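Novice: Kindly return the folded structure for what I paste below:
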Amino acid sequence: MELRERNKGGTLKEKLQNHYHKRNFQTDEKDASRYGQMFFWGMVVSLFFEGQFFLVPMLYWGDTWAMILASVLVWFTLFECTINWMGTYFGQNNYVTSEIKEEKFPGQEETPPGWINCPKCQVDAPPRSHHCRLCNRCVLKRDHHCFFTNSCVGFYNQRFFVMFCIYMVWGNLFALFLQLTYTTQSIPVFSWDGLAYIPMVGLVYFFMGYVSLGQLFLIVHICFCFMCFCGGVFFLCWQIILAAAGMTSYEAWKGIPWYRRTSLENVRSVFGSIWKIPFQLLFPFRVDQDGNGVEWTVRSKTVKYQ
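Specialist: The predicted structure is shown next:
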């Protein structure tokens, strides 16, 4: 009787088959966002230690000034990537709150004209705001959700994201320079041995004894850096185009031109005063942007905001 009850749910093999048949192996978006964060910090930390404690000493040993300059660039890149990542991540002032409406329309219970009532946030959101299902909040002038920072890029942190892209491009380019300068001493790129820079070929070479474990690690790192460099160039160019055009990604895809102003006004809306932009490249200090992310002038009064 007990044995019958124990086997009621099926054999162990059947239970395992049922478990894996019902399991969803697709990555959840929230998990993908966390993986994006982990990948970014894994790359930053590994590149820092690789550059500072291995590549720079190996390449510039005996040349004191070159070693000092390379080390300063490594630390500078780490600082700028980290500080702009934090500026993008801690963008809570992008979130739409009930206080925003109360400040602009004190005592008004109805949704103001041109605003929308978000059924998920249960707040009235101003024009150009959109709900992010990952942040579970409405975001002022929402552009997109960044998986490397696990946060939304909007009105108040778009400039941090642009600077973040700049230093992601620079950091990966600098890393590629150091890595290739070192690896090409033993594995020339423009030769048959250069096939080792293809990860699968490099893995075969490793098992055949032609490539060491350290060289294989650098080859894989080079591939990751190259992919991040290409991704950074794409996002940087796209964000600069959007900033100059005064549009979000959603508005660009949908062809919505309602809020366009002059390019200079659009740039000031993202970065503040033009003369401060070069200084923001060195340190992302607070700036006064044109506008507040809430009030927008619609070019055509006949077009209704959706």
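
Novice: just the strands in the chain please.
Specialist: Secondary structure of the chain (DSSP state E): strands located at 116-118, 123-125, 130-132, 137-139, 144-146, 151-153.

Novice: Ok, which of those comes nearest Q185?
Specialist: strand 144-146 (37.0 Å; Cβ to Cβ). In this view, the C-beta of every residue, glycine as well, is placed from N, C-alpha and C.

Novice: so what strands line up beside the closest one?
Specialist: strand 151-153 (antiparallel) (DSSP bridges).

Novice: what about the strand it pairs with, average pLDDT?
Specialist: Averaged across strand 151-153, pLDDT comes to 92.

Novice: go on, stretch 79-88?
Specialist: For stretch 79-88, the per-residue pLDDT averages 93.

Novice: Which positions within that stretch qualify as buried?
Specialist: 80-81, 83-85, 87-88 (16 or more other Cβ atoms under 10 Å).

Novice: And for stretch 129-141?
Specialist: For stretch 129-141, a neighbour-count test (16+ other Cβ under 10 Å) marks 129-132, 135, 137-141 as buried.

Novice: Minimum pLDDT in those residues, which residue is that?
Specialist: C135 (87).

Novice: T262 versus the residue lying closest to that one once chain neighbours are set aside, what's the distance?
Specialist: Once flanking residues are discounted, C135 sits nearest to C152: 5.3 Å by Cβ to Cβ, 6 or more residues apart in numbering. According to Cβ to Cβ, to the nearest Å, C152 and T262 sit 26 Å apart.

Novice: Which of the two has more residues huddled nearby?
Specialist: Neighbour count, other Cβ atoms under 10 Å: between C152 and T262, C152 has more, with 25 against 10.

Novice: Check whether that one really touches K141, as I assumed.
Specialist: No - if you go by Cβ atoms under 8 Å, C152 and K141 don't touch, sitting 10.1 Å apart.

Novice: Give me the common contacts of those two.
Specialist: Counting by Cβ atoms under 8 Å, 6 or more residues apart in numbering, the residues touching both C152 and K141 are N94.

Novice: which ones are touching V233?
Specialist: Residues near V233 by Cβ under 8 Å, 6+ apart: V169.

Novice: any idea which residue sits dead centre in the protein?
Specialist: Taking Cα atoms, centre = their mean, the centroid of the chain lies closest to F148, which sits 3.8 Å from it.

Novice: Give me the spatial nearest neighbour of that residue, chain neighbours excluded.
Specialist: Nearest one to F148, counting by Cβ to Cβ, 6+ apart, is F40 at 4.5 Å.

Novice: That neighbour touches F164, doesn't it?
Specialist: No - with contact defined as Cβ under 8 Å, F40 does not count as touching F164 (9.9 Å).

Novice: Identify the contacts common to these two.
Specialist: With Cβ under 8 Å, 6+ apart as the test, F40 and F164 both reach 85, 149.

Novice: Between those two, point out the one with more neighbours.
Specialist: Applying other Cβ under 10 Å to F40 and F164 shows that F164 carries more neighbours, namely 31 against 20.

Novice: May I see the buried residues of stretch 96-105?
Specialist: Buried residues in stretch 96-105 (16+ other Cβ under 10 Å): 96, 100-101.

Novice: Determine how far that stretch lies from the middle of the whole chain.
Specialist: 29 Å (Cα atoms, centre = their mean, to the nearest Å).

Novice: Please apply the same query to stretch 193-211.
Specialist: Relative to its parent chain, stretch 193-211 has a centroid offset of 31 Å by Cα atoms, centre = their mean.

Novice: What residues of it count as buried?
Specialist: Result for stretch 193-211 [16+ other Cβ under 10 Å]: buried residues 196-197, 202, 205-206, 211.

Novice: Which of the residues you listed sits closest to D31?
Specialist: For the buried residues of stretch 193-211, the nearest to D31 is G202 (29.2 Å; Cβ to Cβ).

Novice: Contacts only, for the closest one.
Specialist: G202 touches 196, 211, 215-216, 219-220, counting by Cβ under 8 Å, 6+ apart.

Novice: switch the cut-off to 7 Å
Specialist: 196, 211, 216, 219 (Cβ atoms under 7 Å, 6 or more residues apart in numbering).

Novice: ok, now P113?
Specialist: P113 neighbours (Cβ under 7 Å, 6+ apart): none.

Novice: From A125, how far off is it?
Specialist: 13 Å.

Novice: coming back round to it: let's have the buried residues of stretch 193-211 in a markdown table, adding pLDDT and distance to G231.
Specialist: Putting those into a markdown table (pLDDT from 0 to 100; distance: Cβ to Cβ, whole Å) gives the following:
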| residue | pLDDT | distance to G231 |
| --- | --- | --- |
| A196 | 89 | 24 |
| Y197 | 89 | 19 |
| G202 | 89 | 22 |
| Y205 | 88 | 27 |
| F206 | 89 | 27 |
| V211 | 88 | 27 |
